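> Here is my input; please provide its structure:
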Amino acid sequence: MTELNRALKAAAEKGLISADRVNDLAAFLSAQGVCAGTAKTSASRYDETLPDAQAVEESEQPRFLRGFHDILITIGVAVVLVGLWGMGGAILVLPAIILLAEILVRRQRLALPAVALTLALVHWVGLAAYDVLAAGQRAWMDESDEVLAYVCAFPVAIGLFYWRYRVPLSFALFLLSIATVAVAFVFLALGKALGVNFILETHPLLAAAILFVAGLAIFALAMRYDISDPHRQTLRSDIAFWLHLAAAPALLYATLGFIVVWWRGEVDLGQAVAIIFLVAIFMTIGLVIDRRAFVTSGLLSLGAAIWTILQKSGASLDTYVFVVFAVVGLTVLVIGIFWQPLRRAAMSLLPPAITARLHAVR
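Prediction:
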């Protein structure tokens, strides 16, 4: 077997090409004068000239930023949409979003502008739904009904956008909007059954349990896409990235709801220690699944918990403000710099049946 055949066979084993096409592709490349030795030499030069290339491949790198061209086009998209919104409002913006999506996403397949246009559509739907509800408000509609009606506006519009343009963010937002509608419906049904308007205030533990189940469902979807693409070579990995970005804070703050009513801002010393322990668990999960969203989502809570501990200990204000910044910043640096060694240590505690289905440790 030649080096070219070996390389193509390895590509087939990784799922890059189909196994039944290896021989045909080898014959075609040989006929074109391509040989494995040349490829190997090029790869060697590539390693010599770009020593950070492997580090880039090993990192969590979603494919929505491919160069400054994308950034330039995205700036243009943002400026145009803001200008059109100021001149004609939502009536002009929606056709512009569709037109730009046809050119930049469907034809040119630009990644960052696709993200910007998806977010612009979400913003448009949000404001349009609010205006419609405000204009057609009825006396029988209470606040919970309005919330449910408002969130129901998102899945159809975002789902159609994904169907047309296949943007990973739009599909992730479509799934998240369905989860939001489900949570809003459950809150509304329980509120009516219990005779309350704001279940978060009257039954915080029940609300935390509902939000935890929703966050767990989003996390399960994200892991499904991650496991289906462990090498992170397809758009399924990008969908998982966006889902993890939503699942991490959703799970964190839902779990915090069992420890403290976090929206009231009342935290004692024991709860602060529990929050630090919880954030550490989430950071460990992020290391295991190789997703940094589970690290960044807990930084605010970590800082608030350290603040509470220092405050309860009687430290002066000038002292503990900077201590909080220093500790949180140092945590980020340590985890970021030693990500791979820390991940290897975390993965070593798990059975091979689990680690084999996750993103490989470098």
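> what number of residues lie near residue 244?
If you count neighbours by other C-beta atoms under 10 Å, residue 244 ends up with 26. Heads up, the C-betas are built off the backbone N, CA and C, glycines and all.
> meant to ask about residue 161
Number of residues near residue 161 (other C-beta under 10 Å) recorded here: 26.
> With residue 246 instead?
Using other C-beta under 10 Å, residue 246 has 22 other residues around it.
> So which bits of stretch 69-83 are buried?
70, 73-74, 77, 81 (16 or more other C-beta atoms under 10 Å).
> Also stretch 105-114?
Going by neighbour count (16+ other C-beta under 10 Å), the buried part of stretch 105-114 is 105, 110-114.
> which stretches of the stretch 101-250 of the chain have low pLDDT?
136-144 (pLDDT under 70).
> Helices of that one, residue ranges please.
Secondary structure of the stretch 101-250 of the chain (DSSP state H, counting those that start in this stretch): helices at 111-135, 143-151, 153-165, 168-194, 199-202, 204-228, 235-259.
> Tell me which of the ones you listed sits most buried.
With neighbours taken as mean count of other C-beta atoms under 10 Å, the helices of the stretch 101-250 of the chain reach their highest mean count in helix 235-259, at a mean of 22.
> Among the buried residues of stretch 105-114, which pair sits farthest apart?
Farthest pair in these (C-beta to C-beta) is 105 and 112. Separation: 10.5 Å.
> wait, what's in contact with the nearest residue to residue 177 once chain neighbours are set aside?
The spatial neighbour of residue 177 that comes closest, neighbours along the chain excluded (C-beta to C-beta, 6 or more residues apart in numbering), is residue 154 at 3.9 Å. Shown in contact with residue 154 (C-beta atoms under 8 Å, 6 or more residues apart in numbering): 122, 125-126, 129, 173, 177, 180-181.
> could you redo the last one with a cut-off of 10 Å?
Counting by C-beta atoms under 10 Å, 6 or more residues apart in numbering, residue 154 touches 121-122, 125-126, 129, 173-174, 176-178, 180-181.
> With residue 294 instead?
Counting by C-beta under 10 Å, 6+ apart, residue 294 has contacts 219, 244-245, 247-249, 251-252, 279, 281-288.
> What distance do you get for it to residue 346?
Separation of residue 294 from residue 346 (C-beta to C-beta, to the nearest Å): 12 Å.
> Overlap in contacts, the two.
283-288.
> TSV please, covering the residues you listed and showing distance to residue 319 and pLDDT.
Compiled in TSV, those are given as follows (distance: C-beta to C-beta, whole Å; pLDDT from 0 to 100):
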residue	distance to residue 319	pLDDT
283	26	93
284	30	93
285	32	94
286	30	93
287	31	92
288	35	92
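> I am finished for the moment; much appreciated.
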